Structure formats: C-alpha cells, structure tokens
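> Whatever this is, show me its structure:
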Amino acid sequence: MRHHRSALWIACLTSFRGWRHPLDEPGRWTPIFFLDDAVALAAGHRPCGLCRRDDHRRYRDAVGAAEGASRPILASELDRRLAAERLRRGRGRDRASDRLLWDAPIDDLPDGTVIVEGGDPALVVEDRMHRFDFGGWEEPVARPRGARAAVLTPPTSVAALAHGFRPTLHPTARP
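Next up is the predicted model:
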C-alpha cells in the first residue's frame, strides 16, 4: 500500500541555520513568500514546526485551548483541518474563486483575521481594517460594527487567533 502525504502548507522563516532551498525543484516543496503571518494564515498556512517551533507551539496550543483539548493537537491533524477549510477541490491554476469563505459577525473576529470587504482582502486589527496591497497594508479605515463579514482566514486559524496566537504583522498594519 502506498502512503500519500498531503502537501505541507507551512509558513517558514526566510533564513534558518544557513540552509538553502531551490525556489523551484520538481517533486519537492516550493517556497512561497508572504507579506506577514496574517496573509499566510488567510492562505491556509500554519507556522512551521521546525524553523518556527515556538510560533508553531503557540498556534497549536491556541487551537487546543479553543477546543478544550486535553493533549497537544498533532501537526498532521492541523494540516488536515486547514486543507479542508482552505480550498474547494480542483479548479486549476487560478485558485482565487476556489477559496472557501465563511460568514461571521465582524465584532467577534480577533486581530489578525483577514476578511473580504468589497471584493478585496482586508486585515482586522482592533477598531480598524487595512486593505491588502502587495507592498503592505493600506491606510486604516474604521472597522464596521454590528455587521457580518465574509472571512477568508480559515476557522482553525481564527480559533488560534482568538485564543492567544499573536501573528507577526507587517509594520504597515500599525496605526
């Protein structure tokens, strides 16, 4: 019986122990670079358990706290959950329409959550939102209150954010 491993969707450091990895090697993992943790989480990634061990443990423990787990959740379980929450299956290269969005009260969303507002991703931070730009988060606008939001960050990661995981945010997300 052949064992199939699903792809790891992890957020790594850009430099670790002086290791080098080719940017495109067939049959191997491919590095992808994100603006910050909020974007990586919204894309369905989690912190790497090797190069970001402490962040991985904080993320894992926050998910466990959200569920009242009696033991640490395995990385493989986190990966299965995130895989189920991130994409609809099988639409080819242009995956934007395959992203799974879910509905939640915007007042209940923790800092670091990415929503879709007016067709564009926006970061929720305190009483404000920042629209995404490839150069950083745009100038803040007031976070609406009492509204519903289309949430891009998968539920597992929102649970981690709500229960103590603090993502590293790009400096443009500061007031």
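
> Chain neighbours aside, what residue packs nearest to the most centrally placed residue in the chain?
Residue closest to the average C-alpha location in the chain (C-alpha atoms, centre = their mean): residue 41, at 0.5 Å. Closest residue in space to residue 41, ignoring its immediate chain neighbours: residue 157 at 4.3 Å, by C-beta to C-beta, 6 or more residues apart in numbering. Backbone N, C-alpha and C define where each C-beta goes, glycine included.

> Just list what the host helix or strand of that neighbour packs against, helices and strands only.
Assigned by DSSP states H and E, residue 157 belongs to helix 155-162. If you count contacts as 3 or more C-beta pairs under 8 Å, 6 or more residues apart in numbering; DSSP states H and E, helix 155-162 packs onto helix 37-42, helix 53-67, helix 75-86.

> hmm, who's touching it?
41-42, 44, 46, 59, 62-63, 66-67, 78, 81-82, 85, 102, 104, 109-113, 151, 153, 167 (C-beta atoms under 8 Å, 6 or more residues apart in numbering).

> List only those of the residues you listed flagged as buried.
Buried by 16 or more other C-beta atoms under 10 Å: 41-42, 44, 46, 59, 62-63, 66, 78, 81-82, 85, 104, 109-113, 151, 153, 167, out of those.

> Now do the contacts for residue 144.
residue 106.
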